[in-house]
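sequence first, predicted model second:
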Amino acid sequence: MKPKRTLGTPHLLGIVWPFIAVVLFQVLLGCMSLYMLSAVRGYVAGESLWSKGQKDAIYFLSLYADNRDPATYAQYQQAIRVPQGGHKLRVALDQPEPDMQAAREGILQGGNRPEDVYGLIWLYQNFRHFSYLEKAIAKWSVGDAYLDKLDSLAQEIHRQVSTNQVSEADVAQWRAQIYAINDAVTPAAKAFSDALGEASRFILKLLVAVNLAVALGLICLALMRTHKILVQSRVFAQALQLEKERAQITLESIGDGVISTDVDGAITYMNPAAERLTHWQSEQARGVPLGALFKILDDNRPDEGFKLIDHVLSGQLGSNNENSRFIQRMDGSTVAVTLSGAPILHAGKLSGAVLVLHDMTQERQYIANLSWQATHDALTGLANRREFEYRLELVLQNLARQQGRHALMFLDLDQFKLVNDTCGHAAGDELLRHICALLQSGLREGDTLARLGGDEFGILLENCPADVAEKIAEGLRHAVQSLHFAWKGRPFLNTISIDLVHIHELPITLEGCMRAADMACYMAKEKGRNRVQVYHEDDSELSMRFGEMNWVQRLHVALEENRFCLYSQAIVPLGHVEEHSGHIEILLRLHDENERMIMPDHFIPAAERYGLMPLIDRWVVENVFKIISECTAKHPGRPMEMCAINLSGTTIGDDEFLAFLHEQFECYGVSPGQICFEITETSAIANLGSAIRFINDLKALGCRFSLDDFCAGMSSFAYLKHLPVDFLKIDGSFVRDMLDDPINRAMVEVINHIGHVMGKRTIAEFVESSHIEQALVEIGVDYAQGYAVERPHVLTCDSLWCRPKRPAPLALKSPGTLR
């Protein structure tokens, strides 16, 4: 599709060039016509001279025959030269190669003026065969033939006269010949004159007709061009009107007020938006000074309204937020606007100004709403966490300048999830609104209540003694407990866990306050909920929780930076067990920020409490499988030890982790028979149903299972028959002291016996001497693991290859921690 042509500004030359061309062409045609007429006139004049010369020559020759006076003969010669010149011209131009010099001499000899030379030659050369000229030239040639005879007779007469041998008979004969030539040449001369006259008249008529035709054609061309110019002017006028209407519609439809003025600041136009903003009508305001429309309210520049036009004309009023002002209208009302304007220039000269007023009412409302939304909770209308922390920060800053006693409370609804799960979020939202109203009624004026997220609230009690703060906290707890909330006839018992942190001395930070309150609230929930937990710095239990919370961030960073590492420790068969049926346990270590080795018992409790163990277990499984795959690729077919991987109780109840294991087996091509998963006795029994499903699913693939720390925490024999594990790991607390404590030795014997009765093999942990190993052989324990067997070392391919038969164990002097 062709783009629409845009009308451009017409140029003067583009308009007048056809007329200039018409004039130039008419002038050229006129010049050519005059030139041709001049040439024809030259031929007509030449014919007159030719005829006169011919007559004079006959006359003087006849007179010379009578008086034989040399002077008369000279007059004859002078007369005959004129027609001879014409003859010379015709002969010179009729040659195949025209002799221009001879032609010019003939013309001058014939008596024509020098300025007619080129015209005569041009006309003869270009119109020689034109019918009328051709006829005239033919008559001209006939006359020239008779004149040649006359000149021959003249020369004969002159020769005889010169010899004085002239008789009367000769003279009579000469006279008779002269009269005969005259009688013959006269009709030819007359025909020549008539033909030339007819040719000149025809050429004149032709030139007139051509000039008229050309003039008519040029007039038509001029009319067409004038019509086109008129059409273009109408198109330009229509386009200008269209643009004007479009600009008018645009100005009327935009939401910003537009005011235009002349150079003196008088109003020339206002769009409807400007009428609404200023409460002036456009007709009413036309001609009114700009400063009279409204008054700009600015205490710093009270005369701004009268200088506004000067600012616009000088280009000082750009579009930016600095020009946001309140204007007072004619009825006294005010409105916030942003002013911007620019001068109007025409041909480089100032012709007026345009001022744009943007209504800022909605923007200011939006800003106010956004400011409120940024600092308040949409559901309850309370301050949000950001605003709460800001106010707490102000309190701490004031505490640095002036002593005082303040209190910070965190409140967490107990079992709030039950309401959402059973009755939906609408019920939960309604309960939150009731709780907020209840809490607000139990606070002093000036205290801050904020919703920190979900069912968590924060309260800041400024200038509040410790006993009053604790009394308020207990009153809030009791008020929530007394709330009777029912949804669609279903009642709910509501309780709340509250922590209380006293703020009365520095140094203390915002982060420290929030963490202390959060931990105290967590402790309140752990201790049974529906209680107030007051934070004390010397609380050892809270200190331990602080340590665990620090580990949460450190473990996240360690996973991101891949700072975990894998170790292995052999589990070897004892006595009667086949030689190459041992395996290894995969152990986890952590390199901290300073590259120090951290043992699992330092970070595993925090990871289990705060739900990080599934992530860590995934890391362990993926990296163990990757090492096995790489070692298999290096030495295909070489036998490998079975790898025992520890899993947490949270992980074995996670269906997504089970799917993850299936993906890893397929991804790395690891044989399930090469993997043994170790789960602790406490986690297995706490999640018995999930543990059984988890074990059965993986055992169907070929994996094996080991029950770790057996008999360490509870009486497990009743559950053991329900857990399809392959190995029982006797807790190391029994094994370590079995040589000195008969009860521990009896426990090892009982566990080993029951395990064998159930068809499971037993593994003794913490085997730290050859004497303990020998005692285990005597009892009949199947496998041993500990420093007496092998110290933990970094997991490599060498750790995975099947080992030869182990030599007799040596006693170890320095027992250490196994995991």
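Yep, it's here.

other SSEs contacting the longest helix along the chain?
Criterion DSSP state H: the longest helix present in the chain is helix 168-253. Under the contact criterion of 3 or more C-beta pairs under 8 Å, 6 or more residues apart in numbering; DSSP states H and E, helix 168-253 touches helix 12-67, helix 131-162. C-beta here means a position set from N, CA and C on the backbone, and glycine is covered the same way.

the longest one: what's the following helix or strand?
Looking back up the chat, that one is helix 12-67. Using DSSP states H and E, the next helix or strand after helix 12-67 towards the C-terminus is helix 70-93.

got the buried residues for that following helix?
By neighbour count on 16 or more other C-beta atoms under 10 Å, the buried set for helix 70-93 is 72-73, 75-77, 79-80, 82-90, 92-93.

with stretch 223-240 instead?
Neighbour counts over stretch 223-240 (16+ other C-beta under 10 Å) mark Arg225 as buried.

use 33 as the first number for this chain going forward.
Shifting the count to begin at 33 puts that one at stretch 255-272.

any idea of the mean pLDDT for that stretch?
Here stretch 255-272 scores 82 as its mean pLDDT.

now stretch 796-811
Rounded mean pLDDT across stretch 796-811 is 92.

mind exporting it as PDB, just the C-alpha atoms?
Output in PDB follows, covering the C-alpha atoms of stretch 796-811 (Å, rounded to 0.1, in the frame of the first residue of the first chain):
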ATOM      1  CA  ALA A 796      27.300 -51.700  65.900                       C
ATOM      2  CA  GLU A 797      28.300 -48.100  65.900                       C
ATOM      3  CA  PHE A 798      31.200 -46.500  67.900                       C
ATOM      4  CA  VAL A 799      33.500 -49.500  67.700                       C
ATOM      5  CA  GLU A 800      36.500 -47.700  69.000                       C
ATOM      6  CA  SER A 801      38.800 -50.600  70.000                       C
ATOM      7  CA  SER A 802      39.700 -54.100  69.000                       C
ATOM      8  CA  HIS A 803      38.400 -55.300  72.300                       C
ATOM      9  CA  ILE A 804      34.900 -54.000  71.600                       C
ATOM     10  CA  GLU A 805      35.200 -55.500  68.100                       C
ATOM     11  CA  GLN A 806      36.100 -58.900  69.600                       C
ATOM     12  CA  ALA A 807      33.200 -58.700  72.000                       C
ATOM     13  CA  LEU A 808      30.800 -57.900  69.100                       C
ATOM     14  CA  VAL A 809      32.100 -61.000  67.300                       C
ATOM     15  CA  GLU A 810      31.500 -63.100  70.300                       C
ATOM     16  CA  ILE A 811      27.900 -61.700  70.600                       C
END
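
in it, what's buried?
For stretch 796-811, burial by neighbour count (16+ other C-beta under 10 Å) applies to Ala796, Glu797, Phe798, Val799, Glu800, Ser801, Ile804, Glu805, Gln806, Ala807, Leu808, Ile811.

surely the fourth one and Leu808 touch.
Yes: with contact defined as C-beta atoms under 8 Å, Val799 counts as touching Leu808 (6.8 Å).

common neighbours of those two, please.
Shared contacts of Val799 and Leu808, defined by C-beta atoms under 8 Å, 6 or more residues apart in numbering, comprise Val767, Ala816.

what's the first helix or strand after the helix-or-strand element of the chain with minimal mean pLDDT?
None of the helices or strands of the chain scores lower by mean pLDDT, DSSP states H and E than helix 336-345, at a mean of 62. Using DSSP H and E, the helix or strand that follows helix 336-345 towards the C-terminus is strand 356-360.

how far is that following strand from where the chain is centred?
Once both centres are worked out by C-alpha atoms, centre = their mean, to the nearest Å, strand 356-360 turns out to sit 36 Å from its chain's centre.

now stretch 452-466
With C-alpha atoms, centre = their mean, you get 44 Å for stretch 452-466.

now that stretch: mean pLDDT?
85.

quick check: buried residues in that stretch?
Under the neighbour-count criterion of 16+ other C-beta under 10 Å, stretch 452-466 has Asn452, Cys455, Ala459, Gly460, Leu463, Leu464 buried.

please apply the same query to stretch 637-649.
Ala638, Ala639, Glu640, Leu644, Met645, Pro646, Ile648, Asp649.

so which of these belong to helices?
Ala638, Ala639, Glu640, Met645, Pro646, Ile648, Asp649.

ok, which stretches of the stretch 633-782 of the chain are strands?
With DSSP state E, counting those that start in this stretch, the ranges of strands along the stretch 633-782 of the chain come out as 674-679, 707-712, 736-742, 759-762.

save those strands as JSON lines, and put in mean neighbour count too.
Formatted as JSON lines, the strands of the stretch 633-782 of the chain follow (neighbours: other C-beta atoms under 10 Å):
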{"stretch": "strand 674-679", "mean neighbour count": "22"}
{"stretch": "strand 707-712", "mean neighbour count": "23"}
{"stretch": "strand 736-742", "mean neighbour count": "24"}
{"stretch": "strand 759-762", "mean neighbour count": "26"}
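
redo those as JSON lines? Include mean pLDDT and distance to Tyr815.
JSON lines is the format used below for the strands of the stretch 633-782 of the chain (pLDDT from 0 to 100; distance: least, C-beta to C-beta, whole Å):
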{"stretch": "strand 674-679", "mean pLDDT": "94", "distance to Tyr815": "11"}
{"stretch": "strand 707-712", "mean pLDDT": "91", "distance to Tyr815": "11"}
{"stretch": "strand 736-742", "mean pLDDT": "87", "distance to Tyr815": "10"}
{"stretch": "strand 759-762", "mean pLDDT": "91", "distance to Tyr815": "8"}
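
give the residue spans of the stretch 733-851 of the chain that score low on pLDDT.
Scanning the stretch 733-851 of the chain for pLDDT under 70 picks out 744-750, 837-851.

now for the helix or strand that contains Arg418, which elements pack on it?
Counting by DSSP H and E, the element that carries Arg418 is helix 417-433. Judged by 3+ C-beta pairs under 8 Å, 6+ apart, helix 417-433 is in contact with helix 393-407, strand 438-446, strand 480-485, strand 488-493, strand 527-535, helix 542-558.

what's the nearest residue to Phe489 if we skip its chain neighbours?
In space, and not counting its chain neighbours, Phe489 is closest to Leu443: 4.3 Å by C-beta to C-beta, 6 or more residues apart in numbering.

please disregard the earlier target; I meant Tyr815.
Spatially, and ignoring its direct neighbours in sequence, Tyr815 is nearest to Ile795 (4.2 Å; C-beta to C-beta, 6+ apart).

quick check: domain ranges of this structure?
44-260, 287-397, 408-569, 582-832 (automatic domain parsing).

need those domains in JSON lines (columns: distance to Ala269).
JSON lines is the format used below for the domains of the chain (distance: least, C-beta to C-beta, whole Å):
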{"stretch": "domain 44-260", "distance to Ala269": "15"}
{"stretch": "domain 287-397", "distance to Ala269": "19"}
{"stretch": "domain 408-569", "distance to Ala269": "59"}
{"stretch": "domain 582-832", "distance to Ala269": "73"}
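
out of those, which is closest to Lys276?
domain 287-397 (11.7 Å; C-beta to C-beta).
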